[in-house]
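In: coordinates for the following, if possible.
(2 chains)
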There are 2 protein chains.
Amino acid sequence: MPGNKPNIDRIFHALGDPTRRIIIERLSRGPTSVTHLAAPLAITLAAVVQHLQILEKSGLVHTEKSGRVRTCRIEPTGLSMAEKWIADRKSTWERRFDRLGQLLAEENQ
Amino acid sequence: MPGNKPNIDRIFHALGDPTRRIIIERLSRGPTSVTHLAAPLAITLAAVVQHLQILEKSGLVHTEKSGRVRTCRIEPTGLSMAEKWIADRKSTWERRFDRLGQLLAEENQ
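Out: Reported below is the predicted structural model:
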């Protein structure tokens, strides 16, 4: 089954929920089944499945069913897309400060 | 007026909207007034103000009124908080792959 293409709107939206961030934290340590994922979370299995669907649609997580077990793993391209968006903004911001610094230095010469 | 403390839930939620990301992109190039910010956006000034309120509450943007003009600027600690959260997950993920690589190398020896 092909994974969902990462979507930046959905990625940031998905990361805005603390339970979904806990799921991503857990999956960053390695793949696991939905049941194992749900065990430490104080919510129903149905709620976990709903969060996983949102994470899967965003392209942050990939799940695959084998027999009766659905295994979840992180989809690193999704996190990379979000990281790149932020890094690009910070880079513009920092270049601006470098230019301001240069202008100030020139004025003080 | 003190800025809003960055809040990771609100930061990711705020970044999940394309108009709000355009606002952040614009502000990463330097501070500007609400009116200038709204000009290229095909939405009402009231809608821009609503988006700015969400961005301000998340701690991504700071606005300040001086006379009749409200100036908006980026609050870099907000973006840094989101960047750090993602980088920490990627780091866990990459360490896991390093360990897997080591195990495979040892098995092949």
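In: what number of residues lie near A:V49?
Out: Neighbour count of A:V49, defined by other CB atoms under 10 Å in any protein chain shown: 14. In short, each C-beta sits where N, CA and C put it, glycine included.
In: OK, contacts around it?
Out: Going by CB atoms under 8 Å, 6 or more residues apart in numbering or on different chains, A:V49 touches A:V34.
In: tell me how far it lies from A:A14.
Out: Separation of A:V49 from A:A14 (CB to CB, to the nearest Å) stands at 14 Å.
In: list, one by one, the residues from chain A near chain B.
Out: A:8-18, A:21, A:24-25, A:28-30, A:74, A:76, A:79-80, A:82-83, A:85-87, A:89-90, A:92-93, A:96 (CB under 8 Å from any CB of the partner chain).
In: make a ChimeraX selection of the buried ones in the residues you listed.
Out: What follows is the ChimeraX syntax for the buried subset of the residues of chain A next to chain B, where burial is set by 16 or more other CB atoms under 10 Å in any protein chain shown:
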select /A:8,10,11,12,13,14,15,16,17,21,24,28,74,76,79,82,83,85,86,89,90,92,93
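In: now, the residues of chain A next to chain B that are in strands?
Out: Among these, the members found in strands (DSSP state E) are A:I74.
In: quickly find the element holding A:H62.
Out: strand A:61-66 (DSSP states H and E).
In: quick one: contacts of that strand?
Out: Against strand A:61-66 from outside (CB under 8 Å, 6+ apart): A:1, A:3, A:23-24, A:27, A:34, A:52, A:55-56, A:70-75, A:78.
In: restricting to C-alpha, output that strand in PDB.
Out: Extracted C-alpha coordinates of strand A:61-66, given in PDB (Å, rounded to 0.1, in the frame of the first residue of the first chain):
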ATOM      1  CA  VAL A  61       3.300   8.100   9.800                       C
ATOM      2  CA  HIS A  62       2.800   4.900   7.700                       C
ATOM      3  CA  THR A  63       0.800   2.000   9.000                       C
ATOM      4  CA  GLU A  64       0.600  -1.500   7.400                       C
ATOM      5  CA  LYS A  65      -1.600  -4.500   8.400                       C
ATOM      6  CA  SER A  66      -0.100  -7.900   8.400                       C
END
